[in-house]
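Undergrad: Compute the structure for the input listed below.
(2 chains, ligands or ions: 4)
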Amino acid sequence: MFESLSDRLESVFKRFKGQGRLTEENIQEGLREVRLALLEADVNFKVVKQFVDRVREKALGQDVQGSLTPGQQVVKVVHDELVELLGGKTSAFDVKGSKPLTVMMVGLQGSGKTTSAGKLALYLRREHKMKPFLVPADVYRPAAIDQLTKLGAQIDVPVYPSSTDMNPVDICRDALQVAKDKGYDLVLFDTAGRLHIDERLMEELANIKAAVSPREILFVADAMTGQDAVNVAQSFDAKLEISGVVLTKMDGDARGGAALSIKSVTGKSVKFVGMGEKLSEMEVFHPDRIASRILGMGDVLTLIEKA
Amino acid sequence: EKTKEQISKRIEGLMASHSKIDESFWEELEEILIMADVGFEPSMKLIERLRDRVRKAGTDDPARFKEFLREELETIFKAPKRITAINPPEVVMMIGVNGVGKTTTIAKLAYRAQMQGRRVLIAAGDTFRAAAIEQLEIWAKRVGAGFYSKGAGADPAAVAFEAVDKAVSEGYDLLLLDTAGRLHTKINLMEELKKIQRVCGKKHPGSPHRSILVVDATTGQNALQQAKLFGEAVGVDEIILTKLDGTAKGGIVVAIALEHALPITFVGLGEKMEDLRPFNGKDFAQALLGT
Ligand SMILES: Nc1nc2c(ncn2[C@@H]2O[C@H](COP(=O)(O)OP(=O)(O)OP(=O)(O)O)[C@@H](O)[C@H]2O)c(=O)[nH]1
Ligand SMILES: Nc1nc2c(ncn2[C@@H]2O[C@H](COP(=O)(O)OP(=O)(O)OP(=O)(O)O)[C@@H](O)[C@H]2O)c(=O)[nH]1
Ligand SMILES: [Mg+2]
Ligand SMILES: [Mg+2]
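TA: Ligands and ions are numbered 1, 2, ... in the order given. Sure thing, here's the model as predicted:
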């Protein structure tokens, strides 16, 4: 899709061959390439600015390590910095704690909430022997309840029998009670997609949160999202205080720069990554993988890691 | 609305804060365009053209800038809609990546066509995603259109073939064919689209008459790849831009129009069947400017 950042940096730094130190002078052009790569990966413009400044600071005055070229050295600084920013202590869930573990899925229309709810049910049952309960709380989109019900049947997970004449807040409250009565230890609430500027529907989410006090509120974001990711994530976080992010549709060729944008404005890390439409296609988030992806590089990294 | 206001304010600010169109003016414009998802390279291209216009007009008055931008975008969006003589029924195939709004847009197009007095058949070509058929069927009922399905798991090409047959024999004017969302990088799924296209043509020569690529306005640079690879697989005749009721500007269609010269025909402005408007380059420019 794009020329990799490493290739670009290599050609930039060719002219500076033999220089053992990164200087204001020789780094300038390299940083321009870094900026471009991040913008092409859809990292937010303002986030890119801050990021490039940090990289400049870190890289300046560094000695170029033994077997690395200056280009590779900058890639390494950029990559390490990205991993650090994307990382964070909280990765997956703490599945201990009081039961049932309650998880609420929120996000824009079509981002992958319903599918991710099914994936999480499957994953947590497989990895942690949990007994999941799926709760369809989207009474608006045609056949949304049906969709989650069918997904539940596919993986043999019980689904709360919501209907479109019920109120989403009542559904969630009642479903939580049912889960407790029946001894399910994981409850996944699938909410309707909504725009962050839709005040009525955002208020509905706040009401669901108040009714069931979910331990995790996952903001589900499409990896193909562009510059607006920051506005959306910020609004959801401001209203609900999200606990983490699920980045979906990473099985394509999107770079997923939204992950960095979202992390930068909310401080919340990606916890899971959607890698396909099937319910088994979800992975735990690895900051280094997304970092390489945002930068559009594969092999060069392993090369650098060996150095 | 906040972002739209912000961008509007920024463009107003851009014009107010600069007494003339100078380098810093262009730099600020670049930022505004990138933040609207136009993309780096396409923004450069657009700015180059705008510089040209400004030069030719022999002015550096920022007050006239809006007019230049509007004119330029109009030109960029002027890709002609391919008009072919159609032997009815007209067959339209909706394609795009997952979750962009294909199914909902079918409902909107069906609603619109019915209002114009056309008889519409909707076919459930997404036999994969859970409850995709049920979703489409609810829409067909709401709109009052005909509906054809072969059930979950059926071969989408067989659905297409039989739906075309039904549309022909029952005298429908328009067949809207839903397809499953698929990422453009998935070779098998793209082959499947080609097959759907082929069998339509077998049953009803000349069909499908149009493939509409649905693009979500919140999408960033990836939409360029979508346009490219869907285009290479089955040819894209037009683009519908959905979810413009959010705060994303949908600037990626500027890039698509620049690179692929595809017409953008409609925009989606909500989740209801009425929420569809014809695209108009001038309006889009206004929206980008926020006025
Ligand atoms: N390729 C791919 N497709 C995905 C992934 N996650 C979800 N999808 C698809 O994206 C589309 C939307 O997914 P849903 O789970 O229905 O999204 P949603 O957020 O619940 O949508 P609404 O309820 O309408 O807001 C479907 O076609 C899913 O199959 C993923 O990781 N990869
Ligand atoms: N706000 C807004 N939401 C929209 C618009 N168009 C579609 N949606 C919503 O986006 C979500 C996905 O729409 P669908 O029509 O199911 O998308 P799709 O492309 O058919 O999805 P798949 O078949 O799963 O690939 C639904 O929640 C729709 O209600 C729009 O113009 N504005
Ligand atoms: Mg859903
Ligand atoms: Mg669909």
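Undergrad: who touches residue B:185 in this structure?
TA: By C-beta atoms under 8 Å, 6 or more residues apart in numbering or on different chains, residue B:185 lies in contact with A:251, A:252, A:253, B:225, B:229. C-betas here are computed from N, CA, C, even on glycine.
Undergrad: SS state for the nearest residue to the third one once chain neighbours are set aside?
TA: Beyond its immediate neighbours in the sequence, the residue positioned closest to residue A:253 (C-beta to C-beta, 6 or more residues apart in numbering or on different chains) is residue B:185, lying 5.1 Å away. Under DSSP: H, G, I helix; E, B strand; the rest coil, residue B:185 falls in the coil class.
Undergrad: Phi and psi next, for residue B:185.
TA: Backbone torsions of residue B:185, given as degrees, to the nearest 10, read phi -90, psi -10.
Undergrad: again, but for the one 4 residues further on
TA: Summarising the backbone geometry of residue B:189 under the convention degrees, to the nearest 10, its torsions are phi -70, psi -30.
Undergrad: Next one: it from residue B:97, what distance?
TA: Distance of residue B:189 to residue B:97, computed by C-beta to C-beta, to the nearest Å: 10 Å.
Undergrad: can you check residue A:11 too?
TA: Remark: distance between residue A:11 and residue B:97 (C-beta to C-beta) = 32 Å.
Undergrad: from the contacts of residue B:185, which is closest to ligand 1?
TA: residue A:251 (4.9 Å; C-beta to the nearest ligand atom).
Undergrad: from memory the closest one sits against residue A:282, does it?
TA: No - with contact defined as C-beta atoms under 8 Å, residue A:251 does not count as touching residue A:282 (10.4 Å).
Undergrad: can you list residues touching both of these two?
TA: Shared contacts of residue A:251 and residue A:282 (C-beta under 8 Å, 6+ apart): A:274, A:275.
Undergrad: who's more crowded, the two?
TA: Each of residue A:251 and residue A:282 has its neighbours counted (other C-beta atoms under 10 Å in any protein chain shown); residue A:282 has more, 22 against 18.
Undergrad: any idea of the pLDDT on that one?
TA: As predicted, residue A:282 sits at a pLDDT of 97.
Undergrad: May I ask which helix or strand of the chain has the lowest mean pLDDT?
TA: Going with chain A. helix A:299-306 (a mean of 50; mean pLDDT, DSSP states H and E).
Undergrad: before we move on, the earlier item: so which of residue B:189 and residue B:97 has more stuff around it?
TA: In terms of neighbours (other C-beta under 10 Å), residue B:97 is the more surrounded of residue B:189 and residue B:97; the figures are 29 against 18.
Undergrad: What strand or helix carries that one?
TA: Per DSSP states H and E, residue B:97 falls between elements, in no helix or strand.
Undergrad: Work out for me the element the residue of chain B found nearest ligand 4 sits within.
TA: Closest to ligand 4 within chain B is residue B:103: 3.3 Å, counting by C-beta to the ion. In the assignment (DSSP H and E), residue B:103 maps to helix B:102-115.
Undergrad: Dump the C-alpha coordinates for that helix into CSV.
TA: Listed in CSV are the C-alpha atoms of helix B:102-115, where the atom choice follows Å, rounded to 0.1, in the frame of the first residue of the first chain:
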residue,chain,number,x,y,z
LYS,B,102,-24.8,-1.0,2.7
THR,B,103,-28.0,-2.6,4.0
THR,B,104,-29.4,0.6,5.4
THR,B,105,-28.5,2.5,2.2
ILE,B,106,-30.4,-0.1,0.2
ALA,B,107,-33.4,0.6,2.3
LYS,B,108,-32.9,4.3,1.6
LEU,B,109,-32.5,3.9,-2.1
ALA,B,110,-35.6,1.6,-2.2
TYR,B,111,-37.6,4.1,-0.4
ARG,B,112,-36.6,6.8,-2.8
ALA,B,113,-37.2,4.7,-5.9
GLN,B,114,-40.7,3.7,-4.6
MET,B,115,-41.5,7.4,-4.0
